[in-house]
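Colleague: I would like the atomic coordinates for the input below:
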Amino acid sequence: MIPVEIRQFFSSGFGMTLLFKGKPGTGKTTMVFEILNELCSDGNCIYISPRVDQSSSYGKYPWIEGNFSSNDEFIEMLAARIKMVQESFDNKPLIVVDSIDALSIATTDSSDWLANKFELERILTDFSRKVNADLLMVTEQIELTSLDYLVDGVVSLERSEISERDIRKIHLHKLRGVGLSQSKYLFTLQNGRFNSFKPFAVSYPTETVICEPIPDPISSKISTGTMDFDNILGGGYQKGSFNLFEITSGVGDSFYSLLLPTFINHLNLDRGLLSMPSEGTSVETEKSMIEPFCGEYRFKNQFVGFEIREMDGRIPAYVEPLTGNVTKDMEALWSVKQELSGQLGAPILDYVGLDTMEYNYGVEDIGRVIGMMASRTKTTQNIVLAVAKHGQKITESVAHMATTHWKFENIDKTLVMYGIVPKTGLYVVEIDFEQGFPQVTLSPVK
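Modeller: So this is what the prediction gives:
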């Protein structure tokens, strides 16, 4: 999927010219064919590439046939092909030159191909406007040139690293006539297809569905409720594991989208869930997000939330009030866990907001408590999911206790995650409710 701004750019009634820049290996040709797939499904395109074999899979698109050794000869053949396309289709033709550098070399006998490139660029832009055709020119020259000012749009692809992991971005530098709400997008070339990612967003459905739970893939693990994450983990969370999720600045509560399917799936498998929510989220908020997808009975009988509350008010059965005294509160947590385990059996799933613990009990006390929680969990069939927010002092020491350690970041409004233990590449996190319940996909950035 290409960014919506590029589709809007080419939707003009007039011929538009787009310069497409990128170093070798950034994915330019792959993106070009995604543009052709989306914008030229009728065949109203002309693909020109002296460097790509027409017998390859790219050859399904109309090509300029024959050999050309001059700009005039090339334009003559291009004009003939444009006439054929215009006679066959109602839509504007799209001319793709991949690349303008290679074509400039092919159309001159001179060693000074750069001078020919300048002339060919001028001829092509003038020609496309005269015949009312869109023009996309690919180049590996990433520096600013006179062509940047001549064309209607400039887009570039970038391949870089974040935390020693590959990342790909498309930059929309200018697109005449199009409002740019966002100038950069992450993209992947997974399975040989270009796919850019929209900004992360959650839109809850008006009608909800209680879905069939995903069974545990293997006996030693529990499903995360997300098939993609199960596959990354080799079957899900290890029983007896302590799993840390580190949330960086700018992520907010969007990380919760990955955990929500886990909570729902666990309850729908008739298992127990304990939660000490992160700061900014209450037990009642969790109830509103979880209960519609597991039902009132399961939530009230299998879920217990822990938070500090005034004891003189009415407290729902699914809430265990905390006092702010770390010793008393941890004793209450162990007691509730044993009771729930006796009723439902193992595994019990613990969700712990470390920022809440740090705020309520202080860094020194929670270090000892988390250490005890991690060591106890590893001798049981239970699982702990602990969330550490940006800037928490406890994160580094807790990381040494973790069975798995995952990090969430917001990159150009896209939610990404990656494994520190085990070490993984980047995955883009997306969530949808099209079928009435949350479904998360994790797309590798390749």
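Colleague: residues contacting the closest residue to K28 other than its chain neighbours?
Modeller: Distance criterion C-beta to C-beta, 6 or more residues apart in numbering; nearest residue to K28, sequence neighbours excluded, is G22 at 4.6 Å. (Glycine included, C-beta is placed from N, CA and C.) Contacts for G22 were tallied using C-beta atoms under 8 Å, 6 or more residues apart in numbering; they are K28, V138, E140, I142, S156, L157, E158.
Colleague: For the first one, give me its contacts.
Modeller: Shown in contact with K28 (C-beta under 8 Å, 6+ apart): F20, G22, D98, S99, V138, E140, L157.
Colleague: Same check on R7?
Modeller: Contact analysis of R7 by C-beta under 8 Å, 6+ apart lists E38, L39.
Colleague: any idea how far it is from D134?
Modeller: 12 Å (C-beta to C-beta, to the nearest Å).
Colleague: now do G15
Modeller: Distance of G15 to D134, computed by C-beta to C-beta: 6 Å.
Colleague: These two: who's more crowded?
Modeller: Shown here are G15 and D134; by other C-beta atoms under 10 Å, D134 has more neighbours (26 against 21).
Colleague: Report the separation between that one and F118.
Modeller: According to C-beta to C-beta, D134 stands 21 Å off from F118.
Colleague: ok, now L269?
Modeller: 66 Å.
Colleague: I'd assumed F10 was in contact with G177.
Modeller: No: the pair G177 and F10 does not pass the contact test of C-beta atoms under 8 Å, sitting 10.5 Å apart.
Colleague: Now do the shared contacts for these two.
Modeller: Common neighbours of G177 and F10, counting by C-beta under 8 Å, 6+ apart, are M16.
Colleague: Tell me which of the two has more neighbours.
Modeller: Shown here are G177 and F10; by other C-beta under 10 Å, F10 has more neighbours (21 against 12).
Colleague: quick one: contacts for that one?
Modeller: Contacts of F10 (C-beta under 8 Å, 6+ apart): M16, L18, L39, L94, D134.
Colleague: What about the residues you listed, which are in helices?
Modeller: By the criterion of DSSP state H, membership of the contacts of F10 in helices covers L39.
Colleague: among the contacts of F10, which ones are buried?
Modeller: When the contacts of F10 are checked for burial by 16 or more other C-beta atoms under 10 Å, the buried set is M16, L18, L39, L94, D134.
Colleague: Quick check: bridge partners of the fourth one?
Modeller: Yep, that's L94 we're talking about. On the basis of DSSP bridges, L94 is bridged to C45, D134.
Colleague: what's near enough to touch the closest residue to I308 other than its chain neighbours?
Modeller: Distances taken as C-beta to C-beta, 6+ apart put L322 closest to I308, at 4.6 Å, once the chain neighbours are dropped. Counting by C-beta under 8 Å, 6+ apart, L322 makes contact with F306, E307, I308, R309, D329, A332, N360.
Colleague: if we go to 6 Å?
Modeller: Neighbouring residues of L322 by C-beta atoms under 6 Å, 6 or more residues apart in numbering: F306, I308, D329.
Colleague: ok, it to D152 distance?
Modeller: L322 is 61 Å from D152, by C-beta to C-beta.
Colleague: again with L274
Modeller: Remark: distance between L274 and D152 (C-beta to C-beta) = 58 Å.
Colleague: all strands of the stretch 301-446 of the chain, in order?
Modeller: For the stretch 301-446 of the chain, the strands defined by DSSP state E, counting those that start in this stretch cover 303-308, 319-322, 349-353, 383-388, 404-411, 414-421, 427-432, 439-444.
Colleague: For K378, list the residues it contacts.
Modeller: G240.
Colleague: Would you list the phi and psi of it?
Modeller: With angles defined as degrees, to the nearest 10, K378 sits at phi -70, psi -10.
Colleague: and stretch 250-264, which residues are buried?
Modeller: V251, S254, F255, Y256, S257, L258, L259, L260, P261, T262, F263, I264.
Colleague: Next, count neighbours for the nearest residue to the last one once chain neighbours are set aside.
Modeller: Nearest in space to I264, with sequence neighbours left out and distances taken as C-beta to C-beta, 6+ apart, is F293 at 4.6 Å. Counted with other C-beta under 10 Å, the neighbours of F293 add up to 24.
Colleague: Is F293 in contact with F437, as I believe?
Modeller: Yes: with contacts counted by C-beta atoms under 6 Å, F293 reaches F437, the gap being 5.0 Å.
Colleague: list the contacts for W406?
Modeller: By C-beta under 6 Å, 6+ apart, the residues touching W406 are F245, M417, G419.
Colleague: mind checking how far the nearest residue to it once chain neighbours are set aside is from G280?
Modeller: Nearest residue to W406 in three dimensions, chain neighbours excluded: F245, at 5.1 Å (C-beta to C-beta, 6+ apart). According to C-beta to C-beta, F245 stands 15 Å off from G280.
Colleague: now T125
Modeller: In terms of C-beta to C-beta, T125 sits 53 Å off from G280.
Colleague: again with P3
Modeller: On the measure of C-beta to C-beta, P3 and G280 end up 32 Å apart.
Colleague: Below-threshold pLDDT in this protein: ranges please.
Modeller: Scanning the chain for pLDDT under 70 picks out 51-68, 110, 311-312.
Colleague: Please repeat the previous calculation with a cut-off of 80.
Modeller: Applying pLDDT under 80 to the chain flags residues 41-43, 50-69, 108-114, 309-313, 365.
Colleague: Please, where are all the helices along it?
Modeller: Under DSSP H, the chain gives helices at 4-10, 28-39, 71-88, 100-106, 113-130, 146-150, 227-232, 256-268, 283-290, 296-302, 326-344, 354-361, 363-377, 395-399.
Colleague: Just say which of the ones you listed is most tucked in.
Modeller: helix 256-268 (a mean of 24; mean count of other C-beta atoms under 10 Å).
Colleague: what's that one packed up against?
Modeller: In this structure, helix 256-268 packs against strand 273-276, with contacts taken as 3 or more C-beta pairs under 6 Å, 6 or more residues apart in numbering; DSSP states H and E.
Colleague: The same query, at a cut-off of 7 Å, please.
Modeller: Packing contacts for helix 256-268, counted by 3 or more C-beta pairs under 7 Å, 6 or more residues apart in numbering; DSSP states H and E, involve strand 273-276, helix 283-290, helix 296-302, strand 427-432, strand 439-444.
Colleague: related to what we said a few turns ago, out of the contacts of K28, which are buried?
Modeller: F20, G22, D98, S99, V138, L157.
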